[in-house]
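sequence below, structure please.
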Amino acid sequence: QVHLVESGGGLVQAGGSLRLTCAASVRSFITYAMGWFRQAPGKEREFVAAIARTGVITHYSDSVKGRFSISRDNAKSTVYLQMNSLRPEDTAVYFCAWSSRAIPTVVPDFASWGQGTQVTVSS
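I've put the predicted structure just below:
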């Protein structure tokens, strides 16, 4: 069973940065690909980023490519999402998730996720 806890969300002005952290409580963390998706009020879940088991391969949505960076520390069972050049349209609840796929690319690829952390970007 995988238990995920996100942190690091908050309120930031447009153009600012935030780093989200996801702490996983699971044996063999390195066996899972990890990722993030988000959901804004009244909108569907949107894939954001994913990282393969060893961290060598990553995948991003077009909407965040070049601005967000995903990384992982397998020794700490932790995943990070560095978000730069934030825009008001990035406002959403961000969820950390795990996958048995080599590299998730869409939200249905994720098996389960945490409670989420709110990110609000003001204009």
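
can you give me the strands for the chain?
Ranges of strands within the chain are 3-7, 10-13, 18-25, 33-39, 46-51, 58-60, 68-73, 78-83, 92-99, 112-113, 117-122, based on DSSP state E.

quick one, which of those strands is nearest to residue 106?
With C-beta to C-beta, the closest approach to residue 106 among these belongs to strand 46-51: 5.4 Å. Where you see a C-beta, it was placed from the backbone N, CA and C, and this is true even at glycine.

and that closest one, which strands flank it?
Sheet partners assigned to strand 46-51 using DSSP bridges are listed as strand 33-39 (antiparallel), strand 58-60 (antiparallel).

tell me which of the strands of the chain sits most buried.
Here the criterion is mean neighbour count by mean count of other C-beta atoms under 10 Å, and of those the winner is strand 33-39, at a mean of 26.

residue nearest the centroid of this structure?
Against the mean C-alpha coordinate of the chain, by C-alpha atoms, centre = their mean, the closest residue is residue 36 at 2.4 Å.

look up which residues are beta-bridged to that residue.
Bridge pairing for residue 36 - DSSP bridges - gives residue 49, residue 96.

surely it touches residue 92?
No: Residue 36 lies out of contact with residue 92 (C-beta atoms under 8 Å); the separation is 10.3 Å.

using CSV, lay out the strands of the chain together with distance to residue 106.
Formatted as CSV, the strands of the chain follow (distance: least, C-beta to C-beta, whole Å):
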stretch, distance to residue 106
strand 3-7, 18
strand 10-13, 27
strand 18-25, 19
strand 33-39, 9
strand 46-51, 5
strand 58-60, 10
strand 68-73, 15
strand 78-83, 17
strand 92-99, 10
strand 112-113, 14
strand 117-122, 21
